[in-house]
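S.K.: Build me a model:
(chains A, B, C, D, E and F)
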Number of protein chains: 6
Amino acid sequence: MASKIEEYRSYRKKMNEKILASANLSIKRLYSLDTLTYQEGALSVKTKEMLGLVSSMVLRCDDCVKYHLERCYEEGVSTQEIMDIFSVANLVGGTIVIPHTRRAFEYWEELTETRPEKM
Amino acid sequence: MASKIEEYRSYRKKMNEKILASANLSIKRLYSLDTLTYQEGALSVKTKEMLGLVSSMVLRCDDCVKYHLERCYEEGVSTQEIMDIFSVANLVGGTIVIPHTRRAFEYWEELTETRPEKM
Amino acid sequence: MASKIEEYRSYRKKMNEKILASANLSIKRLYSLDTLTYQEGALSVKTKEMLGLVSSMVLRCDDCVKYHLERCYEEGVSTQEIMDIFSVANLVGGTIVIPHTRRAFEYWEELTETRPEKM
Amino acid sequence: MASKIEEYRSYRKKMNEKILASANLSIKRLYSLDTLTYQEGALSVKTKEMLGLVSSMVLRCDDCVKYHLERCYEEGVSTQEIMDIFSVANLVGGTIVIPHTRRAFEYWEELTETRPEKM
Amino acid sequence: MASKIEEYRSYRKKMNEKILASANLSIKRLYSLDTLTYQEGALSVKTKEMLGLVSSMVLRCDDCVKYHLERCYEEGVSTQEIMDIFSVANLVGGTIVIPHTRRAFEYWEELTETRPEKM
Amino acid sequence: MASKIEEYRSYRKKMNEKILASANLSIKRLYSLDTLTYQEGALSVKTKEMLGLVSSMVLRCDDCVKYHLERCYEEGVSTQEIMDIFSVANLVGGTIVIPHTRRAFEYWEELTETRPEKM
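M.R.: Numbering: from 1, shown residues only, chains lettered A, B, ... in the order given. As a prediction, the model looks like this:
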């Protein structure tokens, strides 16, 4: 598995476990709410994950982008669909989104090349 | 037609015309790019407008939200789908998005009550 | 009661009720989480409300600022303490926070002059 | 004098006076620093005001934009130069800057039509 | 001393010295104002540092978070109080704050494990 | 050539090429618009690059800052002029800009020490 993917996943898993071990009820519920919100509703899981991805891009959160790229990959989003999401993010958020798009595309390449198991 | 919708549309139209009359080539091309980006591609127009809406919400741009609510309405997005978009926006962007959600829902109510002609 | 306070409260109440009547589970839980997070924990309610106020100021959310100013007032925060919060917000967030500070101070003046009942 | 200009100036003046009357040393010094920073240095006052304007636009602070539009007007910035500033702001900051550009251009129109005395 | 703490401190110290050696009066005064603002006033130093921490978290500035974590540690803020600050930051700023919370908690762990001398 | 400059340039070049090879029309046009916007107009190229730099700083995009520092260097911006830009950025954007200023100054040092060929 490509190094960036593995590095991101293991750090995320390790720190989430540590935080939840010390967390108050508010933080625990926010983590639960995060899971709940992306479940199927009026919109499909795939559409919700694309919404999460574009939101993370315009807010320029690289780690959030990585997470939603993984989930989009698992939900069968194609590279051309990813490019459509990137184009909306770059238009709405401006050229400051471009450096994040570079890192996002690099991560997407690794995902599509390595076809990793689901998280 | 409800007053908020009419007020937003007429101001937007008036000022866009004034800006384009004085604009340099860069601004004119950005306006064209704005139109191009939301046209059908790998993703449908409806999905792209939902991406534009959620991006506008997490970036907390009320006028952008109004625009994409109108376009979502025209593309047949349902109230329950709008609520799914709002829930992603409020989760990702936090409670600072709530006041914008209040104004967005008020605008959506007017759109669905008045069934306005397309812009 | 001063007009700005009444206007804010009634609009907030009306739209929150409408949103919750149409909301999905995710939005309802976020509203609950909002209440839970500001309850007494390791930090007092007063301190948490001051944290909510300064966060709202640096993120430049006028309606969020109004809400936390009301709560700070109810928790007995003094005008000099409010000024200390404003100074941190203006330093960390920069001079773009100044216009929000003007509106915040105007709202605080109304709160302290009218001594409104709790929300 | 056009109403938007007068309204902005009088509110700004009134609230700044009130804030400074209650302010702690940190806030007073930040206001002084604001004045100092835009004085002539290695860069001219005109260039610094253009920097202040573009920063205010990408950060989407309408009142800050108004202030720097006034100062740019006083420093002799032309409408075509303003359009160049707007185009950088819209490119870097994305289409969420467009609604702020509409309000900025409206304010600039009033400034250039009424040729107000300096603030 | 843990490597992340040492790395952050030495880089910060080195670059601050270089910047101040070349800085104009505005930058020098901003640095002084930074020191002044966190001194005891109507609010205690501890409370002000907690305000600085939560502001840095919602604005998602990792280096600012590290600085205020160090200062909070020196002022005797407990891990449970830190968690209360994190929960307000994650609620107000949304899930995009979570990756910054992971890095913040990792830094806090190093601080509490190594009990470093004051900066 | 200093390592940070080379590392930034090669990664930027590699990923831009990959993105453009897969990009839709919207992304391609945004890249073109990026080039167009900084060409000489009513304002000089040097002034536009300074506008791009200050915008990138207040929006806290380190890679964008690096790009505009390179372009400013090529356009003959002096270190004292850079410091004036930094002081506006730190004032308008607040102390959260300071860590980005540290990295920006370090990059500027490398540029002025190594006098690299134009990109």
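S.K.: For the rest of this, base every contact and every neighbour count on C-alpha atoms.
M.R.: Noted.
S.K.: confidence score at the residue minimising distance to the centre of chain A?
M.R.: In chain A, the centroid-proximal residue (C-alpha atoms, centre = their mean) is residue A:68; its distance is 1.8 Å. On the pLDDT scale, residue A:68 is placed at 98.
S.K.: other SSEs contacting the longest helix along chain A?
M.R.: As assigned by DSSP state H, the longest helix anywhere in chain A is helix A:3-22. If contacts are counted by 3 or more C-alpha pairs under 8 Å, 6 or more residues apart in numbering or on different chains; DSSP states H and E, helix A:3-22 sits against helix A:98-114, helix E:98-114.
S.K.: Show me what counts as buried in the first one.
M.R.: Looking back up the chat, that one is helix A:98-114. For helix A:98-114, the neighbour count (16 or more other C-alpha atoms under 10 Å in any protein chain shown) marks A:98-108, A:110-111 as buried.
S.K.: Got phi/psi on the residue of chain A found nearest chain D?
M.R.: Chain A approaches chain D most closely through residue A:94 (3.4 Å), counting by C-alpha to the nearest C-alpha. Main-chain torsions, residue A:94, degrees, to the nearest 10: phi 90, psi -180.
S.K.: Who's the closest spatial neighbour of it, skipping the chain neighbours?
M.R.: residue D:94 (3.4 Å; C-alpha to C-alpha, 6 or more residues apart in numbering or on different chains).
S.K.: Pop the domain breakdown of chain A in here.
M.R.: A:1-36, A:43-119 (automatic domain parsing).
S.K.: From chain F, how far out is residue A:42?
M.R.: Per C-alpha to the nearest C-alpha, to the nearest Å, residue A:42 is found 29 Å from chain F.
S.K.: Same question for residue A:27.
M.R.: Distance, residue A:27 to chain F, by C-alpha to the nearest C-alpha: 25 Å.
S.K.: that older thread, indicate which one of the helices and strands packed on helix A:3-22 is closest to residue C:15.
M.R.: helix E:98-114 (28.6 Å; C-alpha to C-alpha).
S.K.: now check that closest one, is it near chain C?
M.R.: No - figure legend: helix E:98-114 not in contact with chain C (C-alpha under 8 Å from any C-alpha of the partner chain); closest approach 15.3 Å.
S.K.: Packing partners of that helix?
M.R.: Using 3+ C-alpha pairs under 8 Å, 6+ apart as the test, helix E:98-114 ends up in contact with helix A:3-22, helix E:3-22, helix E:62-74.
S.K.: May I see the buried residues of the second one?
M.R.: For helix E:3-22, the buried set under the neighbour-count rule, 16+ other C-alpha under 10 Å, comprises E:5, E:12, E:15, E:16, E:19.
S.K.: so what's the second one up against?
M.R.: Same thing as residue E:12. By C-alpha atoms under 8 Å, 6 or more residues apart in numbering or on different chains, the contact list for residue E:12 reads residue F:102.
S.K.: and if you look at the first one?
M.R.: With contacts defined as C-alpha under 8 Å, 6+ apart, the neighbours of residue E:5 are E:107, E:110, E:111.
S.K.: where's the second one relative to chain B, distance?
M.R.: If I follow you right, that is residue E:110. Residue E:110 is 28 Å from chain B, by C-alpha to the nearest C-alpha.
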